[in-house]
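Undergrad: Mind looking at a prediction? Sequence and model below.
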Amino acid sequence: MNIEFKIDKLPIQMVESLNQTYLLHLLATEEETVIPSGKSLLSLLSMAPSHLNSQSEQAAPLHDRVEQAIHSAFWKQALESLLDPTPSIQIERLKGLLSDVREAIAPLFPKTHPILATLATVPPTASPLISISLLFKDVLKSLRERAAPVRDSIIDGLLADLDAPLSPSTSPSSLSSATTPPSPLLVVNTTKSIMALADSMKADISQFYSQFSPGSMTDTQLRDVVKQQAKKREKELVLDIWGENGHDGQQRVQSLWRAWVNELQDVSNVQSEDRWTLRLVQALGSTTAVSCIIPELASRDNLPPDSTHDNRLPPQFFFAVPRLLYAQNYLQALVVAASLRSLTHLPPLAHDDSKGHDFMERVWTLLKAEIDDEDPSARPTKVINFADEVVRARQLASTPDENEEVQLRAAVDRTLRYEDPVFLLLHKRLLAALAHHLDEPKSQRNISGQVPAALRTGRAGKLPRLAFAGENEPRSKIVVKGFEDPILIRGISDVFEKVYQHAHWADTVWSSK
């Protein structure tokens, strides 16, 4: 995962630090956007060697390495016991193997994790090898949730080996099917592989957090550690990057913050503690993309390192810039959508069977696809696409003649220009609502040129603390005049909350001692 800045020219050590810290930042602020389906928070904190791949693993199987540490006589004896067809003898040996597996994987799970309880006892069974195979599959699936993604192929291979002997086999002379138990050799090899895998996973984790035991933490405990470490590393790295002449960048960072806040326009009746949040809203409302350039890169590109004329954010927002840029484009898309809807003359949407109820859905799909597209060379949505949607929606109320349609299409083109009065009015309302959302008192917060065609808007001491009523408290929907469509209401609530989260994060990182 590469942080979305031009870092290819930086020293490799700094690039690695940036990537690791940016990952922590995302896990602390937007965990749901980072963790893949079927994986856990711990899995992304595991730092498996980058050279690890399925080919190298196949060339040196895990159980081959583990045999160097465990006397081969133990495994030979285990295999002999499992080859005995007597269930009681098999069960006795399996108890020992399961105990060894449980001991090996215990540091990778919270004490209350169900898999540890499952391995504590061996239930009575007439088919011990089938039962152990099913238990091992549960173990491997649980390990997969917590393993580094690079380990997935190894675990999937072990699961495939266990599935193969359990597949139905049909006799040519009969339509009945029977389940074949796994071979004792497969059970022994799987036991060794699981134990070796557990050792590898513990090594992966120790590379990331040598001072903690994250494998045995609950998700809540792990999130707290992630936030603590993200704040610490983020601040240290920013001060290091902006440092000069052997000194950290504390003074420089504070100076840039003050200069940035002092650029706030229209400061009448603005309290000093509100200025920085209003300045952030002003930056997000600009048609110039927010940015935060590493001083070393700025000097290489012949840019003034501390320039404030190009909508650069201060270093306090360095790791939030990619997501704030997304929010900037998102806000602009909301204004475009509301501006287009104003041309349709559609009545307020009261329910799904209202005429034209799909207009905003269709337009928002076009806009959202554009802001979600990470390819800067992607072909932008053309004005004609929006004009077609407006004409289509207007036809639901009346059929415009040819001249009226030409005028309507021209109106679409005008409306998408930043200087258009309707666009400016809606834009101003949306930014005012965002400013209000960021500065709401705590007592009220416990509630849940031309616009670029591609929508690519290309501290003397501590920061004033934001009023914060709790990250997980429900918030009510936010309704802004001109943005009453349900799709826009949901979009506003989402983006306002994201901006608030990143503003609050910067506040907590840089206000802490």
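TA: Here it is on my side, so go on.
Undergrad: Spatially nearest residue to V281 (excluding sequence neighbours)?
TA: If the residues on either side of it in the chain are set aside, V281 comes closest to A435, at 4.6 Å by C-beta to C-beta, 6 or more residues apart in numbering. Placement of C-beta: from N, CA and C, glycine included.
Undergrad: Now do that neighbour against L278, distance only.
TA: Computed with C-beta to C-beta, to the nearest Å, the distance linking A435 and L278 is 6 Å.
Undergrad: Neighbours of Q407, how many?
TA: A count of nearby residues for Q407, using other C-beta atoms under 10 Å, gives 11.
Undergrad: And L222, by the same measure?
TA: 21.
Undergrad: quick one: what helix or strand has S142 in it?
TA: Secondary structure assigned from DSSP states H and E places S142 in helix 128-146.
Undergrad: what mean pLDDT does the next helix or strand after that helix have?
TA: Next helix or strand after helix 128-146 toward the C-terminus (DSSP H and E): helix 152-163. For helix 152-163, mean pLDDT rounds to 92.
Undergrad: Which elements pack onto helix 152-163?
TA: Here helix 152-163 touches helix 54-59, helix 128-146, helix 184-208, going by 3 or more C-beta pairs under 8 Å, 6 or more residues apart in numbering; DSSP states H and E.
Undergrad: what angle separates the last one from helix 152-163?
TA: It stands for helix 184-208. In terms of direction (axes from the mean of the first three to the mean of the last three C-alpha atoms, to 10 degrees), helix 184-208 departs from helix 152-163 by 160 degrees.
Undergrad: quick one, helix 184-208 and helix 128-146 angle?
TA: Interaxial angle of helix 184-208 relative to helix 128-146 (the same axes, to 10 degrees): 20 degrees.
Undergrad: Just name whatever secondary elements helix 184-208 is in contact with.
TA: Here helix 184-208 is seen to pack against helix 41-45, helix 62-66, helix 72-83, helix 87-105, helix 128-146, helix 152-163 when contacts are counted using 3+ C-beta pairs under 8 Å, 6+ apart.
Undergrad: just the second one next, same as before
TA: Counting by 3+ C-beta pairs under 8 Å, 6+ apart, the packing neighbours recorded for helix 128-146 are helix 41-45, helix 87-105, helix 114-120, helix 152-163, helix 184-208.
Undergrad: Name the helix or strand for Y330, please.
TA: Secondary structure from DSSP H and E places Y330 in helix 321-341.
Undergrad: pLDDT of that helix, averaged?
TA: Confidence for helix 321-341, expressed as mean pLDDT, is 94.
Undergrad: elements contacting it?
TA: The contact analysis (3+ C-beta pairs under 8 Å, 6+ apart) places helix 321-341 against helix 275-284, helix 359-372, helix 383-394, helix 402-415, helix 421-439, helix 486-511.
Undergrad: ranking the ones you listed by burial, who's on top?
TA: Of the helices and strands packed on helix 321-341, the one with the most neighbours on average (mean count of other C-beta atoms under 10 Å) is helix 275-284, at a mean of 22.
Undergrad: what's in contact with it?
TA: Taking C-beta atoms under 8 Å, 6 or more residues apart in numbering as the criterion, the residues outside helix 275-284 that touch it are 257, 260-261, 263-265, 267, 270, 290, 311, 313, 317, 324, 327-328, 331, 431, 434-435, 438-439, 463-464, 466, 499, 503.
Undergrad: so what's A435 up against?
TA: T277, L278, V281.
Undergrad: Check the gap between the second one and A506 for me.
TA: So the one you mean is L278. Distance of L278 to A506, computed by C-beta to C-beta: 15 Å.
Undergrad: L108 now?
TA: Here the distance between L108 and A506 works out to 34 Å (C-beta to C-beta).
Undergrad: do the same with V281
TA: Taken as C-beta to C-beta, the spacing of V281 relative to A506 amounts to 14 Å.
Undergrad: One more: T288?
TA: For T288 relative to A506 (C-beta to C-beta), the value is 20 Å.
Undergrad: Could you do V34 as well?
TA: Here V34 is placed at a distance of 19 Å from A506 (C-beta to C-beta).
Undergrad: Now restrict the contacts of helix 275-284 to buried residues only.
TA: When burial is judged by neighbour count using 16 or more other C-beta atoms under 10 Å, the buried members of the contacts of helix 275-284 are 257, 260-261, 264, 290, 311, 313, 317, 324, 327-328, 331, 431, 434-435, 438-439, 463-464, 466, 499, 503.
Undergrad: Run a quick neighbour tally on E145.
TA: Using other C-beta under 10 Å, E145 has 15 other residues around it.
Undergrad: ok, now E103?
TA: By other C-beta under 10 Å, 12 other residues sit near E103.
Undergrad: how many neighbours does L334 have?
TA: The burial metric for L334, expressed as a neighbour count using other C-beta under 10 Å, is 22.
Undergrad: can you pull the contacts of the closest residue in space to it that isn't next to it in sequence?
TA: In this structure, L334 finds its nearest non-sequential neighbour in G491, 5.5 Å apart by C-beta to C-beta, 6+ apart. By C-beta under 8 Å, 6+ apart, the contact list for G491 reads Y330, A333, L334, A337, W364.
Undergrad: can you check T191 too?
TA: Under the criterion of C-beta under 8 Å, 6+ apart, the contact list for T191 reads A78, L97, D100, V101, F136.
Undergrad: for those, which one is nearest A387?
TA: Proximity to A387 was ranked across those by C-beta to C-beta; first place goes to F136, at 60.8 Å.
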